[in-house]
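>>> Here you go, sequence then predicted model.
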Amino acid sequence: MTDDVIQINLQRHEALIFFEWLAALEEKRDSIVIGDAEQKIIWQIEGQLESILVEVVSPDYDKALAEAKRQILGKSGSPTSLDGGSE
């Protein structure tokens, strides 16, 4: 296996939602089984996102998160396709 760097591109609102999911996963780690290697990767990704997303430490975090969800789900409030658009 090579040590090539893999890059994943996310829009800021997508990264914010992903960060929130990782944080929620961390809160539930006692009730789910996560291996040590997987946990280390989760912490690394969460730390990288936290260092980039200024919203995480903003007093308006909840507002930013709600806006990110709105952008992803659109006006309907539910996912309608894999690309995030309406069918």
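Yep, that arrived. Numbering: from 1, shown residues only.

>>> can you pull the contacts of the residue most central in space within the chain?
The centre of the chain sits closest to residue 18, judged by CA atoms, centre = their mean, with a distance of 0.8 Å. Contacts for residue 18 (CB atoms under 8 Å, 6 or more residues apart in numbering) come out as 10, 49. C-beta here means a position set from N, CA and C on the backbone, and glycine is covered the same way.

>>> Look up the pLDDT of it for me, please.
The model reports residue 18 with a pLDDT of 94.

>>> now the one 10 residues further on
As summarised for this prediction, residue 28 has a pLDDT of 76.

>>> tally of neighbours for it?
Neighbours of residue 28 under the rule other CB atoms under 10 Å: 9.

>>> Let the chain start at 324 from now.
Let's use 324 as the start, then, which means that last one is residue 351.

>>> After the helix or strand hosting residue 365, which helix or strand is next?
For residue 365, the element it lies in under DSSP states H and E is helix 359-375. Counting by DSSP H and E, the next helix or strand C-terminal to helix 359-375 is helix 384-396.

>>> List the buried residues in stretch 364-380.
365, 369, 372, 376, 378-379 (16 or more other CB atoms under 10 Å).
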